[in-house]
Structures are given as C-alpha cells and as structure tokens.
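[1] okay, predicted coordinates and the sequence, questions at the end:
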Amino acid sequence: MSDPRKTIVVTGVGVVSPYGIGIDCLQVGMLSGKCCLAFTKDLYPGFVGSTAQVRSLPPVENELSLRYSRSDRLAMVAARDAVRNLDQEIATLRAGGVFMASTVAGLSEIDPEIAEDPAAWYRRGGLAQAVSYPAACVADAVGENLGVRGPRCAVSAACASSAMAIALAANMLLDGAAPVMLAGGSDALCPFTLSGFNSLQALDPDPCRPFDRNRKGLNLGEGAAVLVLETLEHAEARNANVLAVLRGWAMTNDAFHSTAPQTQGNGLAACMRLAMEMAELSSDDIGYVNAHGTGTPLNDVAETCAYETVFRGRKEPVPVSSTKSYFGHCLGAAGALEAIIAIIAVRCGALLPTLRLTDPIESTSVNWLGGEVLCQELPVAMSVSAGFGGSNAALIFGSGRG
Amino acid sequence: MSAELVAITGISSVSPYGTVAGLIPRCALEPEPITAWPTTGLRRAFMVKPFRPASVVPGLKTRRLDRLSAWAMVASSMALRDAGIDLNQEDRSRVAVVFGTGFGCAELTEAFCHSAAIHGWSGTDPSPFPEGLANSPASHVALWHEVRGPNITVGCKGFAGESALIQAASLLRHGQAELAVVLAGDTLTRAIYEWYEASGLLSPACYNSLPLTDGSGFVPSEGVAAMVLEPAGRREVRAYAHFSSGCWSANGRAVETIRKMLGGSVPRITICAGNGAPCATSSTSALASEITGTSERTVAAQAVAAGLTDSSALLHLILALSGQPPSGQALLLGTSGKNGFAVLLLELP
C-alpha cells in the first residue's frame, strides 16, 4: 500500500445469494454450515437435480423498465446493496463505472421458438424480452438504476467472468477512467444453462463434492455480487470504510482446449503467480485460497495440479476450499461471490470448509479444508476462477490493516 | 486514461468487403439480398460472402466452428501477419486477446434453441452449448495462436469495439501484456435481423434494390475486424496510428469530457463511429463540430461498418485509415443515444 493512488480498495459489497440479500446473510448462512442446494425438478420438464435458487427477489427500487431480465434484476438488487453507504455521495456514484459479468444475461427470457420463427415470437411479446439478451444489458441495468454514468461494460470469460470484471475495473481505476467502479457479476438459473450443462453430462444430480475423489459434477446456482472499488486515495478523501485491499490480480488463458482445462493446470498456476507478483507476495504469504472447485472430474484435478505447482515448497500446505459446495456454481456471478467470501475470510479470520469433502484428492501442498470452520488470523486470501475457453483469473485480497 | 502511446501495427478485416489484411481498397458496396434464411419478400443486408478459412490462413481448421469464431481466427492471423509479428519470436504468455461483441455467438445460441424447440430442454444437442459462449471466438484465437495472456471478451451497448481497444491498451500500459490482438465483430442471424425489422429500425434500402443513399437508415451488417496493438517503440515498424487516450461513458456531458481529454488541442480530423445508421450519426457529426469546429474534416460513418452496431469501431477506423486521411491528431468518435459516447484520441502518421 505504498502509493494510495495505485492501491485499489474495496469499500462496498453487495450480494444476492440463495441465502438472501446482503453480506451478513451470506456470512451467517455459510458460517453455520447451511447448504442451499436442494432437490429440484420443476425448472423444465424432465429436469431432476440439485440447484440453489434465490427464493425471494424484491422489486427493484426506481425500476425504469419492465424489460429487465432476471439476471438484470439480481444485479440491480446486489448493486443497490453494494452502494448503500454511497447514498450521500451522489456525484461520486454518478461519475462511476459499471463492469458486470454474465454468461446468461437475458437468455433466461428467450423462448426456443426464436430459432424457429423469430418474427412470430416477437409478435407474441418476445420483442421486449429479446431486448435484454445482450450481456451488456446487465451493466446498463445497474447503471440506469443507480444513475451511474461512467463507462459500462459486460465482461464475458465464461465462469471466470466476474473475477475478470473486477480485474478490469481495477485497471480502469488505475487509468483514472472513473473515481469509483462497481464490478461483479450476475447470473440467473434458467432452462438454457441447466439444459446445456445437463447435455454435457456435467451435473451431479446430488449436492456436489468439490475436490472429493467421489465427485460427480457440478450443481448450478444463481445470484449476483457487486464490489465497490476505488483507489485508496479516493477512499481516504471521502473517509470511506475500507473493507479490503485488492492487492493483486491477473488473467491468463490455457490455450489448450475449448472446454477442458489444461491437464496440469499450467495456465491457472501462471495466473496465480502473476497475481502474487503484482501483490509482491510469496506463496508462503497466501493464507487461504477460495478455489474455483466446481466438482467436475477434470477441473478439480487440473486445479489441484496448479496448487501443487504454485505452493510446492511452502512451509505449511495452503488452506483451500470450494464454497460452490454451499450454493452451487453461479457461473458469471461466481468469481465475484467468491471474492466476497475471500474478503469475509480476511475480515473475520474464518476459513470456510468444503462441504461433503470426505475423501479429498491427494495433494502434499494443499490443506483441504473440510469439517469445521477454521478460525485464524488471515492477512491475505486469494480467490481463483477458471472457465470454458481456458479463461483463468486470480484476485488477492488483503485486510487493509497494513 | 494515461497518456503512454500505444501503436496500431497491424489491421485486417473479414467483412462484406472481403477478407483483407491491411487497408481496404476503395469500393462502394450495396446491400445484398438475404439468402441465408427464408424471407417474406426481398430483404437486404451487408453480408460476408462465404469463403474457406483455410484458403486464407493455411492449416486453419474451422469445420466445427461457427462463423464468428472462424472469422476471428482468420482476422487475427491476417492482422498479426500485417504487423509482421512472428509469434515464435514472442513470449506467448504475454500476448493478450481482447474481443468486443454485441451478440456473441448468436448462431450457436440459436442452434441450441433450435434443438430445444425440436427435442425439448431435456433433449438438447450438447455441441452448440459451450461454443455458444460469447468468449468462444477469443478462446479459439488463443488456442490457434497458442497465446496465453489475458483473454477477454467485452460487450458494451454501442461501444464494444472502443471498449475493447481501450482495455487492450490498458493491459499494455499496466504491463499485463506486451502485445494485444484486438477484435470486434458480430454475425447477422435471422433472429437478429428480424428483431431489427420488428423494432422498425431497418432502412427502406433493406426492402428494395435501389442504391443506398446517405442517411437512408440502418442496414445490418456482419464481420470481424482486428488490430494488433503494442507499446509505441517496442519495434521499429510502421504504425497505422498511435493512440494515447480514450474513454466511453453514458455521461451526458460529452463535450466537457472530450475537451478535458484533449487538453486544449484540436484534432484535424474526426472519424465518426458508434453504432447505428448513417442517419443516426448526425448526433456524432454535431458533437464533432462542437468539439473541433466546422472547419475541421469529418469522416462520416460508413454504412457497412455502422451495420455492425456495437462492434463497429474497428471497421470504422480501418475504413477511415483506408481513405488515407491527413496526418495529425484524429478523434474516433461515436454516440449512441442514452448509451452516451465513446472517443479515442489518435495520432495518424
């Protein structure tokens, strides 16, 4: 934190998760060990599986349009939650930017008939629904709803999308593009993605078991998470409460396969090392890793290899857990949700275990967190994301206490 | 945005003008009748003529890919070649790919919806699903060139191309990459075309075979344009342009923001970009006049590029550069209603 103009801090977080709205809900729910994954069979005819849904999404304040998708609405509620402490600083907020990730965006509103006779579907009401299809709509919905009028952008890097949105927003702050950036992701559960992952045979019908030898696949969840980012200089000038410092970030690509991760996790390992390099930290300094940990056979092995590469030779194995075991994989929102969980870990010194982890993948460099919550002082935590197309992102958060 | 110069050293395009490495030879294009899907009567658009990617880039395998990914691979290869880049001489972990798009892989999304319409959601075809993600073209570019730097796909109403350029420059400035391949593009599908039509956005020129006239409205287009960006002075090579700063914003105070960015200088030329129809560029022209004065030269938006809507900026810029503009400072400027404006400050050689 040598130069406050180049130090990026988190001064607000907003969450909509299957636990409810707000970071407190998420924290209390997860620390209690509650799993939100539930047996589901009504999301489309024939679907049977485990999902985690947001049950009661409130109406959005100051909603300007009825054409918002569910992903838009999740994002708007999360963003309002994130900026609740910025209400008195309208000018700051107005000049801010919005970088939001989504893989689903308005796909939740699209009827398959669009592929058969689009004009007919548009005539029957689909025209308004299709408006929300582009991923850019999520950032626009947040911007319009809050009156945030700086740069707006959708970031699409599959399941690493919202971690990348945070990284790119940090770059924009360093460039002076805006005084404050709202960055995160939002994705709604919908037949399109459920059907897609089901067709790939990637879903575990039961609650998932990341990093367990008996894992069978992932579960899908939904939610949204938004971080308020600004430079430390700007935060201090407005006397903002600094929740955490974004000490390092990096993005890489495997350049290996369109869906499968590089088998040795080389791209992910490079990404983690670049983030540590930016943060000027060694592998010994990382107190906890919130893993991507989807529970799919290929991801978890590759990810474990990446941890072996990065953390081999540490004094102690690095504590790692996958919090997708609590509420599934929220796709475009996952990276931001998990960033917030890493921030919770740094602020509270509470390291959440992976649920249902009874027979972990063998690793000498990883301390797989299972069972009870591990409580220990935690200066630095890393959140790791990966996605289809070989996308990787790593974010490192510090406590902000020096 | 900080002022270190970034050089555009390679350009290419896969567009209705054809597959072109470098500048696009001057020629007038008329919209073509649509034959790719059934239409009720004559419907026209600017379409990319079918071509075999391997005939342009030997060895390229695109049989299983959608057109957007194939075009991105072709355009990136041509742009790197145009820049004189031999990736074997580069650290591939330091090469970024940044792709701007409005609709992403719409063809594959529609293919997946088609399988759901035929077989129900429980019987969908898995093949279009992961490839339908908007980041697939950028991923295929990385895979083809084996480049492992940041791989980012961005969408932005009206300004996906500008956003991609600005964010790629940001990666270079912050040392997160040494070289960036920036791409922007979209494919035109039946669902997208008919959405424009149902929304009443199409030009009369889409419905008749009369020549396209200036200001006659919006004619949808498709294609991918590519640029190679690197820090100025990294190599002793020709640069099509340098750019030092840029921004995009939903902020209504475009004049104030752009004047602040210019710091008192007045660009010699304004290249009108942004999304939408030539007629919609009147607001861009008006903004350009307000900033640079009426005596300065303004390059009007080109209909073929404008039809790309969100991802039009790169093709607009390539077409403007192809017109051999005078050297000096230039603005690439776009406006898009409530989505605001985007601007890049360029230095033309």
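    Yep, that arrived.
[2] residues contacting the spatially most central residue of chain A?
    Nearest to the centroid of the C-alpha atoms of chain A, with distances taken as CA atoms, centre = their mean, sits residue A:335, at 2.2 Å. By CB atoms under 8 Å, 6 or more residues apart in numbering or on different chains, the contact list for residue A:335 reads A:101, A:159-166, A:185, A:383, A:385, A:393, A:395. Placement of C-beta: from N, CA and C, glycine included.
[3] distance of the closest residue to residue A:370 other than its chain neighbours relative to chain B?
    Take residue A:370 and drop its neighbours on the chain: the residue closest to it by CB to CB, 6 or more residues apart in numbering or on different chains is residue A:357, 3.8 Å away. Per CB to the nearest CB, to the nearest Å, residue A:357 is found 27 Å from chain B.
[4] correct me, but residue A:357 touches residue A:214?
    No: in this structure residue A:357 lies outside contact range of residue A:214 using CB atoms under 8 Å: 10.0 Å.
[5] between those two, which has more neighbouring residues?
    Counting neighbours by other CB atoms under 10 Å in any protein chain shown for residue A:357 and for residue A:214 shows that residue A:357 has the greater number, 23 against 9.
[6] what about the more buried one, which SS state?
    Three-state assignment for residue A:357 (DSSP: H, G, I helix; E, B strand; the rest coil): coil.
[7] and residue A:284, how many residues sit next to it?
    So residue A:284, with other CB under 10 Å, has 12 neighbours.
[8] contacts only, for residue B:79.
    Applying CB under 8 Å, 6+ apart, we find residue B:79 in contact with B:10, B:11, B:12, B:21, B:181, B:226, B:227, B:228.
[9] and of these, the nearest to chain A?
    Proximity of the contacts of residue B:79 to chain A (CB to the nearest CB) peaks at residue B:181, which lies at 11.8 Å.
[10] so where does that closest one fall, helix or strand?
    strand B:179-186 (DSSP states H and E).
[11] mean confidence for the helix or strand just after that strand?
    Reading on from strand B:179-186 to the C-terminus, the next helix or strand found by DSSP H and E is helix B:190-198. Across helix B:190-198, pLDDT averages out at 96.
[12] could you do stretch A:327-346 as well?
    On average, stretch A:327-346 scores 98.
[13] how about that stretch as PDB, C-alpha atoms only?
    Taking Å, rounded to 0.1, in the frame of the first residue of the first chain, the C-alpha atoms of stretch A:327-346 are listed here in PDB:
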ATOM      1  CA  PHE A 327     -24.800 -22.900  -3.200                       C
ATOM      2  CA  GLY A 328     -23.500 -24.300  -6.500                       C
ATOM      3  CA  HIS A 329     -21.900 -22.700  -9.400                       C
ATOM      4  CA  CYS A 330     -23.300 -19.300 -10.100                       C
ATOM      5  CA  LEU A 331     -21.400 -19.000 -13.400                       C
ATOM      6  CA  GLY A 332     -20.900 -15.400 -14.300                       C
ATOM      7  CA  ALA A 333     -21.500 -14.400 -10.700                       C
ATOM      8  CA  ALA A 334     -19.200 -17.000  -9.200                       C
ATOM      9  CA  GLY A 335     -15.900 -15.100  -9.300                       C
ATOM     10  CA  ALA A 336     -17.400 -12.000  -7.600                       C
ATOM     11  CA  LEU A 337     -19.300 -14.100  -5.000                       C
ATOM     12  CA  GLU A 338     -16.200 -16.000  -4.100                       C
ATOM     13  CA  ALA A 339     -14.200 -12.700  -4.000                       C
ATOM     14  CA  ILE A 340     -16.600 -11.600  -1.300                       C
ATOM     15  CA  ILE A 341     -16.200 -14.800   0.500                       C
ATOM     16  CA  ALA A 342     -12.400 -14.300   0.400                       C
ATOM     17  CA  ILE A 343     -13.000 -10.800   1.800                       C
ATOM     18  CA  ILE A 344     -15.100 -12.300   4.600                       C
ATOM     19  CA  ALA A 345     -12.300 -14.700   5.400                       C
ATOM     20  CA  VAL A 346      -9.800 -11.900   5.600                       C
END
